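Peer 1: quick check, what structure comes out for this input:
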Amino acid sequence: MLIANADDTAVFEYWHVNTFDYLDFSASIMFDWVDVNMGASDGQKRNLSAKAAYDATAATGVDLAGYDGFIVLMLPGTGLIPNPEAGQPGQPDFLTYTFDGGTGELPDQRPAAVFPVMSSDHMFMCHATGHVPGYHHTYGLMNNGTDWNQTDKNYIESPESREPYDIMSSASFGSRWENPAETHYFGSPTYFGPKVAGWPFFNAFKMGPAPARAQVHLWDGAAVPKASLIEIPTPKGSSKKFVRLYRATSYLWFPTLLIVKPSTEGASGQGRIYVEYRDAQGWDVGVKISGSDLSRRAVVVHALADTPSDGTRCWYRGRILVPLETDGDLIVPDQKLVIRVIDVSPSLEYVDLELVETSGHEVHIDQSIHDIEVNVVNETVRHTPCGDLHSGTYSLDRNSVFTPVTYGYGGYGAPDRPSLKLTWQVGSVTVAPGNHVINPISTDGKSVTIHTTLDSTTDVLVLVSSASDGAYSVEVRCTASELDGSNAQDAADDFEPIGQYTGLRRTDAVALRACLSKLLAVVRLRPRDLLIPPGPDPFRENENNLINLERLEKAAKLVDIVSAKTGVELRSMVKLLYGSLRGGGNVGRD
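Peer 2: The predicted structure follows:
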């Protein structure tokens, strides 16, 4: 559980991996078990437990003078104290209590992490072990993590030791849940890993997350490989910096940590900003993909700032969700810096960032289209070299998801600070949150029926059409503003159901194009070099497809030279895909 196991999930392995092999514990030793005799209250103070274990081990003749710090395993880690209600009916003479766990100090001020075995999970042990070589708590979100007496109404909140993306935040990860008069929020970036045979505590295998790379770099700059770093000065005025950042679990030779250094950076790094992209992989498997959890897949921002009593520490400054949802940027508090996510790779492997000192206000709409086949008439099947291809008249319901992305509004990382206001219109109808049926007027003047779903948390709008309404177009408009209505900006897109078409089935059209690519490969032609891709304008697309038809017919003549059989197959497939255009027909668009 602590040093090594077959799954490479031991606590030492955690810190070995997350410091890129820089911290290896190679000079560490596990000493023999010793019996420790303590008073009834000693176990309630971790420093006394650590001293008792140290003294008992030293008494066996072991020289402990050369070690930098210690880990103490207390088995079982429980003790007995007199029951103040002893003598009453049903009350025992003694009560069982769990020893105090965590990192404290020996009398000579060397650190010692104390783990009561029956109550210590993997995440807690990684956190406490991190303190031994000198990792500190992070700061950031107001939370209840330091309120040990949660039975009264003296709600204790602190920005120390709790944020959603760092093991040194430990168990509450920025959560706030006590005061009913305040916004509650919750972070849980942990997961349950493989069990270790012989470890007695059933809940011990709660693991993760990784430490923030900002923490690792602050602890020792040499612990983050230079190939993983990008370091830039803070942009000034209207100048912009563009950075591609890979997720934190990528290989070492990809840039995974951005450091933004202001000209006013203090001697201890005050003002320095760290940016990383955290995905649900490796020790971050517990990071969430969706929902209201604070520990979501995101671009995460930290900054170095002073604390009232602990010196310069790493502060959590917020996140930008990936894939992008409503808020696509982050204004770093107390800094003249705006960080934007301007693109996300299709595989979610990396993000492209834009950094600028000031930012204007913008709103964009991303539309994702899904057509659902609800009826088919006069379908025929043709057996072709590209497989069975279906043709007929198809009726389609359209399901479109409209996701707003805004820049320049609010942008602060606090989860209880609303940042902007969004409204949606479909045609002239304002869409309300929840599920509704509306009847806007299309651009050709007819009333149509659209089912709407507007999520009040994400502001994502879903529109569903009925094939019976046929083909039409309705404008969809999103307006963003500050909460007081200022800085209003809007963006528009079109909801354009097809209703019905005659031609190849959609899925077969996709398969046919893939098959064409293989046939063209015979003569080393690539479709992207030969064909004009589909576009948003259906009339221009028909014109372009006529050009594609002529190009493919010429390509078939080239194929004939290499393989007459393949040339015949290519002509046949080209005719199926594009031939109907000359007769005024319509091929299913994909």
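Peer 1: list the contacts for T443?
Peer 2: Applying Cβ atoms under 8 Å, 6 or more residues apart in numbering, we find T443 in contact with Y472, S473, V474, E475. (C-beta placed from N, C-alpha, C; glycine too.)
Peer 1: just give me the closest of those residues to E325.
Peer 2: Using Cβ to Cβ, the shortest approach to E325 within the contacts of T443 belongs to E475, at 22.6 Å.
Peer 1: give me the neighbour count for the closest one.
Peer 2: Residues lying near E475 (other Cβ atoms under 10 Å) number 15.
Peer 1: re earlier: any chance of the contacts of T443 in TSV, plus pLDDT?
Peer 2: Below are these laid out as TSV (pLDDT from 0 to 100):
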residue	pLDDT
Y472	95
S473	96
V474	97
E475	97
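Peer 1: can you flag the buried ones in these?
Peer 2: For these, burial is judged from neighbour counts taken by 16 or more other Cβ atoms under 10 Å, and it is met by Y472, V474.
Peer 1: closest to K241 among the contacts of T443?
Peer 2: For those, the minimum distance to K241 (Cβ to Cβ) is 35.9 Å, reached by E475.
Peer 1: which of the three states applies to the closest one?
Peer 2: At E475 the chain is in strand, as set by DSSP: H, G, I helix; E, B strand; the rest coil.
Peer 1: nearest residue to it in space, please, no chain neighbours.
Peer 2: The shortest distance from E475 to any residue that is not its chain neighbour, by Cβ to Cβ, 6 or more residues apart in numbering, is 5.5 Å, and that residue is A492.
Peer 1: part of a strand, is that neighbour?
Peer 2: Yes - going by three-state DSSP, the assignment for A492 places it inside a strand.
Peer 1: quick one: residues contacting it.
Peer 2: With Cβ under 8 Å, 6+ apart, A492 has these contacts: I365, E475, V476, R477, C478.
Peer 1: what ranges do the strands span in the stretch 51-200 of the chain?
Peer 2: If DSSP state E, counting those that start in this stretch is used as the criterion, the strands of the stretch 51-200 of the chain fall at 70-74, 78-82, 94-98, 102-105, 111-116, 139-143, 158-160, 191-192.
Peer 1: out of these, which comes closest to H122?
Peer 2: Ranking those by proximity to H122 (Cβ to Cβ) places strand 191-192 first, at 9.2 Å.
Peer 1: direction included, what does the closest one pair up with?
Peer 2: strand 206-207 (antiparallel) (DSSP bridges).
Peer 1: average pLDDT for the partner strand, rounded please.
Peer 2: For strand 206-207, the mean per-residue pLDDT is 94.
Peer 1: now do stretch 312-327
Peer 2: Per-region confidence: stretch 312-327 scores 90 on mean pLDDT.
Peer 1: in it, what counts as buried?
Peer 2: Judged by neighbour count (16+ other Cβ under 10 Å), stretch 312-327 contains these buried residues: 312-322, 324-327.
Peer 1: and for stretch 389-404?
Peer 2: 389-392, 394-400, 402-404.
Peer 1: let's see that stretch as PDB, backbone CA atoms only.
Peer 2: The C-alpha trace of stretch 389-404 is given here as PDB (Å, rounded to 0.1, in the frame of the first residue of the first chain):
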ATOM      1  CA  LEU A 389     -26.600   0.500 -50.700                       C
ATOM      2  CA  HIS A 390     -30.200   1.500 -49.900                       C
ATOM      3  CA  SER A 391     -32.200   4.100 -51.800                       C
ATOM      4  CA  GLY A 392     -35.700   5.500 -51.100                       C
ATOM      5  CA  THR A 393     -37.700   8.300 -49.800                       C
ATOM      6  CA  TYR A 394     -36.700   9.100 -46.200                       C
ATOM      7  CA  SER A 395     -38.500  11.200 -43.500                       C
ATOM      8  CA  LEU A 396     -36.300  12.700 -40.900                       C
ATOM      9  CA  ASP A 397     -36.800  14.400 -37.500                       C
ATOM     10  CA  ARG A 398     -34.000  16.800 -36.800                       C
ATOM     11  CA  ASN A 399     -32.400  17.100 -33.300                       C
ATOM     12  CA  SER A 400     -30.000  20.100 -33.100                       C
ATOM     13  CA  VAL A 401     -28.000  21.000 -30.000                       C
ATOM     14  CA  PHE A 402     -27.000  24.700 -29.800                       C
ATOM     15  CA  THR A 403     -24.200  25.400 -27.300                       C
ATOM     16  CA  PRO A 404     -23.300  29.000 -26.500                       C
END
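Peer 1: begin at 36 from here
Peer 2: Sure, I'll start numbering at 36, so the last one becomes stretch 424-439.
Peer 1: how distant is that stretch from the center of its chain?
Peer 2: Averaged C-alpha coordinates place stretch 424-439 at 30 Å from its chain's average position (Cα atoms, centre = their mean, to the nearest Å).
Peer 1: now stretch 153-167
Peer 2: 24 Å.
Peer 1: same question, stretch 471-478
Peer 2: Chain-centre distance of stretch 471-478: 35 Å, with Cα atoms, centre = their mean.
Peer 1: least confident secondary structure element in the protein?
Peer 2: Counting by mean pLDDT, DSSP states H and E, the weakest-scoring helix or strand in the chain turns out to be helix 562-565, with a mean of 59.
Peer 1: which strand runs longest in the protein?
Peer 2: The strand of greatest length in the chain, counted in residues with DSSP state E as the criterion, is given as strand 397-419.
Peer 1: ok, the most centrally placed residue in the chain - contacts?
Peer 2: Using Cα atoms, centre = their mean, the residue of the chain that lies closest to the mean C-alpha position is R332, 0.6 Å off. Counting by Cβ under 8 Å, 6+ apart, R332 makes contact with R313, D314, A315, V322, K323, I324, L356, V357, L383.
Peer 1: looking at it, the third one is touching I324, isn't it?
Peer 2: Yes - judged on Cβ atoms under 8 Å, A315 makes contact with I324 at a distance of 6.1 Å.
Peer 1: so between the two, which is more surrounded?
Peer 2: A315 (20 against 13).
Peer 1: who's in contact with that one?
Peer 2: Residues counted as contacts of A315 (Cβ under 8 Å, 6+ apart) are G321, V322, K323, I324, R332.
Peer 1: which strand or helix spans it?
Peer 2: With secondary structure defined by DSSP states H and E, A315 is part of neither a helix nor a strand.
Peer 1: now R375
Peer 2: Per DSSP H and E, the secondary structure element for R375 is strand 373-379.
Peer 1: re the thing from before, who does the residue nearest to E510 bridge with?
Peer 2: Here A527 shows beta-bridge partners R512, assigned using DSSP bridges.
Peer 1: helices of the stretch 436-585 of the chain, start to end?
Peer 2: Applying DSSP state H, counting those that start in this stretch to the stretch 436-585 of the chain gives helices spanning 541-556, 562-565, 573-597.
Peer 1: ranking those helices by mean pLDDT, which is last?
Peer 2: Set side by side, the helices of the stretch 436-585 of the chain show their lowest mean pLDDT on helix 562-565, which sits at a mean of 59.
Peer 1: could you pull up phi and psi at P290?
Peer 2: The main-chain torsion angles of P290 are listed as degrees, to the nearest 10 and equal phi -70, psi 120.
Peer 1: pretty sure N53 is touching W318, no?
Peer 2: Yes - with contact defined as Cβ under 8 Å, N53 reaches W318; the gap is 6.6 Å.
Peer 1: overlap in contacts of those two?
Peer 2: Common neighbours of N53 and W318 (Cβ under 8 Å, 6+ apart) are A245.
Peer 1: right, and S394 touches I377 too?
Peer 2: No - using Cβ under 8 Å, S394 is not in contact with I377; the gap is 11.7 Å.
Peer 1: okay, those two: which has more neighbours?
Peer 2: The residue with more neighbours, out of S394 and I377, is S394; 19 against 14, by other Cβ under 10 Å.
Peer 1: worst average pLDDT in the strands of the stretch 86-235 of the chain?
Peer 2: Taking mean pLDDT as the measure, strand 193-195 is lowest among these, coming in at a mean of 73.
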